[in-house]
Structure formats: structure tokens, C-alpha cells
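Asks: Sequence below, structure please.
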Amino acid sequence: MKSFKPYANEADVLQIGGLQVENRVDRVTISGDIDLTADQQGLANARALHLLLADIVAHLESKQLPAQLPPPKSKKVDNPFA
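Replies: Residues are numbered from 1 along each chain as shown. Here you go, the predicted model:
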């Protein structure tokens, strides 16, 4: 599995099966889907997912966390195609 340090930057992206894992400094976004099939590939995907989630949990447990993050700030921009 590619080196992926949760919450370390705004650039890393990891692919596990059909899942895309995007790194951010305040969140890790997991999107897509995955079938953990009863074969060697399913086992490899399950192990990769297990390691990733263990790293995420360990990182979060090592921090003083707020009860909940505020929603991300967004700003409205003019439509460049209008």
C-alpha cells in the first residue's frame, strides 16, 4: 500500500479497490465502493482498509479533539461559463 499519513497534507490520494481516500489536514474523505470478495484480492483490499483505518484511529486518539468540527467555509464565485 502507498504511504498515506492521515491528516498530514492536502494532496495525498489513495486507491483501495473502488474506494478513493483523500487526505486533508482536518479530515479524511473516503468515497466510492468496494467489494471485499472471498478471494486473495478481497483479502488484500480488506487488509489495506484495515491498516488505513487503524492509522486514522491511532492519529485521532493521539489528539485533543473538539466535539465536532465546524462546517467547511465556502465562498460563492461567479460562473465563468455564464
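Asks: Tell me where the chain has strands.
Replies: For the chain, the strands defined by DSSP state E cover 13-16, 19-23, 28-32.
Asks: mind checking which of these is nearest P66?
Replies: When the strands of the chain are ranked by distance to P66, counting by C-beta to C-beta, first place goes to strand 28-32 at 16.3 Å. Quick note: C-beta positions are derived from backbone N, CA and C, even for glycine.
Asks: For the closest one, which strands pair with it and how are they oriented?
Replies: Strands adjacent to strand 28-32 in the sheet, as given by DSSP bridges, are strand 19-23 (antiparallel).
Asks: What are the buried residues along the partner strand?
Replies: Of the residues in strand 19-23, those buried by neighbour count under the rule 16 or more other C-beta atoms under 10 Å are L19, V21, N23.
Asks: in the sheet, who's paired with the last one?
Replies: Applying DSSP bridges to N23 gives these bridge partners: V28.
Asks: In this structure it contacts S3, no?
Replies: No. Taking C-beta atoms under 8 Å as the contact criterion, N23 and S3 are not neighbours in contact, 10.9 Å apart.
Asks: Run through this protein and note the low-pLDDT ranges.
Replies: Along the chain, the model assigns pLDDT under 70 to residues 1-2.
Asks: how about the helices in it?
Replies: Using DSSP state H, the helices of the chain run over 40-61.
Asks: got the end-to-end distance for stretch 21-38?
Replies: In stretch 21-38, first residue to last residue: 23 Å (C-alpha to C-alpha, to the nearest Å).
Asks: how about it: buried residues?
Replies: Using 16+ other C-beta under 10 Å as the burial criterion, the residues of stretch 21-38 that qualify are V21, N23, V28.
Asks: ok, of those, which one's closest to L49?
Replies: Minimum distance to L49 across the buried residues of stretch 21-38 is 9.1 Å, recorded for V21 (C-beta to C-beta).
Asks: coming back round to it: ok, of the buried residues of strand 19-23, which one's closest to A8?
Replies: Within the buried residues of strand 19-23, distances to A8 taken as C-beta to C-beta reach their minimum at N23, with 6.4 Å.
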